[in-house]
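**Q** Just the structure for this:
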Amino acid sequence: MADVLSQNEIDNLLKQLSSGELDVDDIEDSKSVKVKEYDFSRPAKFSKEHLRTLEIIFEHFGRLISSNLPAYLRKNVQVEVMNSEAVTYSEFSNALSNPVLLGVVNMYPLTGNIVIEIATNLGYTMIDRLLGGVGEPLDKSRDFSEIELSILERIFNIIIDLLREPWANVVEIAPHLERIETNSQFAQIISPSEMIAIVTINVNIGGVEGLMNVCLPYITLEDVMDKLNTKYWFSTMQDRDETSYSDVIETAINKALIPVSAELGRSTITVWDFMNLQLGDVIKLNKGIEEEMDVYVGNIVKFKSLPGSINDNYAVKITEIIREEE
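**A** The predicted structure follows:
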């Protein structure tokens with residue numbers, strides 16, 4: 001608010017102007033409007049509020065990745081949103097080096113596609129884990145083979161399906177992977193001069209770190225831009241309790257591998273007898289052939305069973321379930 005002059009100050013100004021002590025041209029107009037330059041090549045379509053809301057969405061997305069991917073990779077996965085910014089698509093594509101790992105994702109019912117870029121070292125690590133390796137990236141980058149891309153397509157589909165829940169407060173989406181590109185020139189989904197929002201996510205898979213960049217074109221988000229603000233976000237967010245992620249936890253537990261073993265019986269022998277065991281020797285167990293066997297899940301007895309066979313393989317038939325309270 002501008003300063004208000006007192007009556008004495010007004011009288012003094014009028015006196016100085018009438019006597020010639022003060023020239024009107026020398027008075028600086030304090031109300032002059034400062035002109036801000038507008039760059040038409042980089043129109044400000046994404047505000048800080050929009051970018052902050054996108055960060056909140058992808059922080060939720062990151063938590064889902066951290067809880068779901070370990071079930072497939074059998075490695076600890078840590079995800080952290082680093083930052084978000086608005087740039088032109090040409091700036092994003094020019095920063096990519098070949099080979100690159102780009103997933104072009106359709107965001108139905110939103111218009112157009114988004115692009116998810118995963119660092120190549122993370123791609124090689126995931127392939128190594130899924131093929132039974134320890135999860136180490138390659139020393140030297142190379143092109144991905146068709147078999148490797150088929151394996152990565154499975155991981156992309158898992159990650160993309162996790163987008164549904166974080167976006168539910170803004171719009172119900174049904175995302176699906178259209179294709180995977182390893183050359184940035186074949187992923188020109190929009191005009192190079194179009195504005196995009198980039199959310200940068202740091203991913204750590206068992207000690208191997210790399211970045212995941214999510215490219216969100218303005219034309220894709222245009223219909224929901226008014227909903228990309230924290231006020232709308234928190235007003236529509238459902239009250240969450242401690243069971244809000246029960247389905248995610250249940251899915252991860254259902255896919256966990258656990259050891260199951262059936263115990264025929266036990267016996268105690270001397271070290272001398274053990275060292276002199278020969279083919280055809282008989283060890284007497286503490287259970288008869290008609291008695292039920294214990295079935296262990298880990299190191300806990302959970303079932304009783306009877307021995308048998310199926311398709312020329314040894315098998316057991318569950319006869320009783322041992323409840324925890326028993």
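
**Q** My guess is residue 104 contacts residue 189. True?
**A** Yes. Counting by C-beta atoms under 8 Å, residue 104 touches residue 189, with 6.3 Å between them. To be clear about C-beta, it is placed using only N, CA and C from the backbone, and glycine gets the same treatment.

**Q** any idea which helix or strand carries residue 157?
**A** Under the criterion of DSSP states H and E, residue 157 resides in helix 146-161.

**Q** If we go by neighbour counts, what in that helix is buried?
**A** The neighbour-count check on helix 146-161 (16 or more other C-beta atoms under 10 Å) flags 148-149, 152, 155-156, 159-160 as buried.

**Q** Residue 104 and residue 189: which is more packed in?
**A** More neighbours surround residue 189 than the other of residue 104 and residue 189, with 21 against 18 (other C-beta atoms under 10 Å).

**Q** Let me see the contact set for the closest residue to that one other than its chain neighbours.
**A** Once flanking residues are discounted, residue 189 sits nearest to residue 113: 4.9 Å by C-beta to C-beta, 6 or more residues apart in numbering. By C-beta atoms under 8 Å, 6 or more residues apart in numbering, the contact set of residue 113 is 104-107, 178, 189, 217, 220.

**Q** make it 6 Å
**A** Taking C-beta atoms under 6 Å, 6 or more residues apart in numbering, we find residue 113 in contact with 104-106, 189.

**Q** Among the residues you listed, name the ones in strands.
**A** 104-106 (DSSP state E).

**Q** Now residue 59: which helix or strand?
**A** Assigned by DSSP H and E, residue 59 falls within helix 48-68.

**Q** Give the rounded mean pLDDT of the helix or strand just after that helix.
**A** Sequence-wise, the next helix or strand downstream of helix 48-68 (DSSP H and E) is helix 70-73. If you average the pLDDT over helix 70-73, you get 88.

**Q** Now do the buried residues in the next helix or strand after helix 70-73.
**A** Where DSSP H and E defines the elements, the next helix or strand beyond helix 70-73 is strand 77-88. Residues 77, 79, 81, 84, 86, 88 are the ones in strand 77-88 that count as buried (16+ other C-beta under 10 Å).

**Q** Thought residue 197 was touching the fifth one, still the case?
**A** Yes. Here residue 86 lies in contact with residue 197, judged by C-beta atoms under 6 Å, at a distance of 5.4 Å.

**Q** For the residue nearest to residue 148 when sequence neighbours are not counted, the count of nearby residues, please.
**A** Once flanking residues are discounted, residue 148 sits nearest to residue 127: 5.2 Å by C-beta to C-beta, 6+ apart. Neighbourhood size, residue 127 [other C-beta under 10 Å]: 21.

**Q** What helices and strands are in contact with the one helix or strand residue 127 maps to?
**A** Residue 127 is part of helix 120-130, with elements assigned from DSSP H and E. If you count contacts as 3 or more C-beta pairs under 6 Å, 6 or more residues apart in numbering; DSSP states H and E, helix 120-130 packs onto helix 146-161, strand 208-217.

**Q** Give me the angle between that helix and helix 146-161.
**A** 100 degrees (axes from the mean of the first three to the mean of the last three C-alpha atoms, to 10 degrees).

**Q** Would you mind putting the CA coordinates of helix 120-130 into CSV?
**A** What follows is helix 120-130, C-alpha atoms only, in CSV (Å, rounded to 0.1, in the frame of the first residue of the first chain):
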residue,chain,number,x,y,z
THR,A,120,20.3,-48.0,-18.2
ASN,A,121,22.3,-49.2,-15.2
LEU,A,122,19.0,-49.9,-13.4
GLY,A,123,17.7,-51.7,-16.4
TYR,A,124,20.8,-54.0,-16.5
THR,A,125,20.5,-54.6,-12.7
MET,A,126,16.8,-55.6,-13.0
ILE,A,127,17.6,-58.0,-15.8
ASP,A,128,20.4,-59.6,-13.9
ARG,A,129,18.2,-60.1,-10.8
LEU,A,130,15.3,-61.6,-12.8
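
**Q** Good, wrapping up.
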